[in-house]
Structure formats: C-alpha cells, structure tokens
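Chemist: can you look at this prediction? I've put the sequence above it.
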Number of protein chains: 2
Amino acid sequence: MNEVFQALSDPTRREILRLLRQRDMSAGEIAESFPLANSTLSGHFKTLKHSGLIVSERSGTTIVYSLNVSAFEGMLAAVMELFAMDEEPKESKK
Amino acid sequence: MNEVFQALSDPTRREILRLLRQRDMSAGEIAESFPLANSTLSGHFKTLKHSGLIVSERSGTTIVYSLNVSAFEGMLAAVMELFAMDEEPKESKK
DNA sequence: TCGTTATTTCGCCAATTACCGAAATAATAC
DNA sequence: GTATTATTTCGGTAATTGGCGAAATAACGA
C-alpha cells in the first residue's frame, strides 16, 4: 500500500489516472496530453503499474493502459484507516 | 490538495496519523513511538500541518497535535475523483 | 532482412526528501 | 537573570525523484 500512496504523490501521475478514468488509452495517446518526454511518461506508467493502480496490455506495437478499479478499494480502506472513519469519531480540534 | 497527497506519501507520516487517530498527543509522546531524531519528526509535523491534515496547539512548553478530520473529506473527494466512484463505472480490465 | 512505428530502458542531471546533530526558540520556575 | 524542559530550526549528507535525450526493445509489413 505504500506504493499506492507513493504513486499518488505526483501530480502528473494523478492526471494520468484522470485521463484513464474517461477511457483506456495507449501510451502515445496519454503522451499527447503532457508537455513531457515519452521516456518520462514511461517512467510514470511503470510506477503506476507497480503500485497496481493501472494495468497494461500490448496490442501490436501499442500498449494500452487502463485503470485497475479494484485497487481503489484498497486505497479507500487505507485512507479510512488513517482517519478512523470506520470507528468512533474522536474529539479533535479543527 | 497536492500537499495532502505529498504528505501521505511517507510511511512515517501515515503512522503519525494513525497514532493521532487514537488520541491527541504531544510532539514528545509521538516521538516515543519512532526510532527517529526529534528534529526529523518536527519536520514531519510541519509537513502534516501545512497540508492541513493535523493542527497544533501549544500548552505551556508542550505542543499537542490532533487530526483535522475535515481535511479527510477533501481527501476522500479527491480519491473518488481519481477513480470516478461518483460516476458511471467504466469498462476496464483487472 | 530492412524500415517503420510505438514504447521502454538507460545514463545523466538538478531538485527534492528524510535523516542527523547542534543550535535556537518558546515556555516555565526559581 | 539562570536553569530546565519541550520543541523547532538550521546546516549538512545520502538517497530518491522527475526530467531529458539517446539507445534499445517490441511488433509489424514489405
């Protein structure tokens, strides 16, 4: 789960996830939305893949990425654990 | 919101949040749970404060930290936005 | 096989980050 | 004011991170 939090710490990677929310996309399609080198984005894809947040599938010469929604459940659980939303609320100041 | 994601990317800071979930604690009390220099933990408190995830209150010579639960709502919304939990689910592969 | 397309890997760099020990600061008591 | 306690700030270090361009790899068609 540390990898997920790590993966989400970068704004570019979060934006990639937002794009993939709309539809599956190839590396090249995603790259069109960023003023970054393709090699940089490959690095980001790698991080997202290893965290489990996205999955990839090769189709000829292109690689298509998609969200792994089941990873979201783990993420939600982890966030809730941090803030005890599933437990008795604790007195705390704003 | 980027600051929140950044703050949560570090395991020590996540552990600090878990501790504060149980009860408000002073810097010194929190420090007892970590094999780290106090100065290091002060740096972590600073990051968490600036992200809005915790708040601090001085009480004499001690500083007591507590969770800022309202920040969690923003975090939840941000996570949901990433995964479109509030929208039509999209076909995607596991 | 060669040429092309799509993408990743590699090596490098500058900036950032988590850690440390020492110094500084904040609060209090005498 | 001095001494003590609690905590933060500061300066330094090693490791990590996000970026780049070039090289390598994967897939395909002729």
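Modeler: Nice, I can see it. What you are looking at is a predicted structure, and each value in this text was computed from that prediction instead of being measured.

Chemist: so which residues on chain A come close to DNA strand D?
Modeler: A:6, A:9-10, A:12, A:35-40, A:43-44, A:47, A:58, A:60-61 (CB under 7 Å from any atom of the strand). (C-beta placed from N, C-alpha, C; glycine too.)

Chemist: and the closest residue to A:Pro11 other than its chain neighbours, how far is that from DNA strand D?
Modeler: Take A:Pro11 and drop its neighbours on the chain: the residue closest to it by CB to CB, 6 or more residues apart in numbering or on different chains is B:Asn2, 5.5 Å away. Distance check for B:Asn2 against DNA strand D: by CB to the nearest atom of the strand, to the nearest Å, it reads 11 Å.

Chemist: pairing partners for A:Val64 in the sheet, please.
Modeler: Beta-bridge pairing for A:Val64 (DSSP bridges): A:Ser26, A:Glu57.

Chemist: quick one, helices of chain A?
Modeler: A:2-7, A:11-22, A:27-31, A:38-51, A:69-83 (DSSP state H).

Chemist: which strands or helices does the second one pack on?
Modeler: Right, the one you point to is helix A:11-22. Contacts defined by 3 or more CB pairs under 8 Å, 6 or more residues apart in numbering or on different chains; DSSP states H and E place helix A:11-22 against helix A:27-31, helix A:38-51, strand A:54-59, strand A:62-67, helix B:70-83.

Chemist: quick one: mean pLDDT over it.
Modeler: Averaged across helix A:11-22, pLDDT comes to 95.

Chemist: name the residues that touch it?
Modeler: A:7-8, A:25, A:30, A:33-34, A:36, A:41, A:44-45, A:47-48, A:53-54, A:65-67, B:2, B:5, B:81-84, B:87, B:90 (CB atoms under 8 Å, 6 or more residues apart in numbering or on different chains).

Chemist: what about that helix and DNA strand C, touching?
Modeler: No. Between helix A:11-22 and DNA strand C, judged by CB under 7 Å from any atom of the strand, nothing touches; the nearest distance is 11.2 Å.

Chemist: give the buried residues for that helix.
Modeler: Across helix A:11-22, burial judged by 16 or more other CB atoms under 10 Å in any protein chain shown covers A:Arg13, A:Arg14, A:Ile16, A:Leu17, A:Leu19, A:Leu20, A:Arg21.

Chemist: now A:Pro11: how far from DNA strand C?
Modeler: 11 Å.
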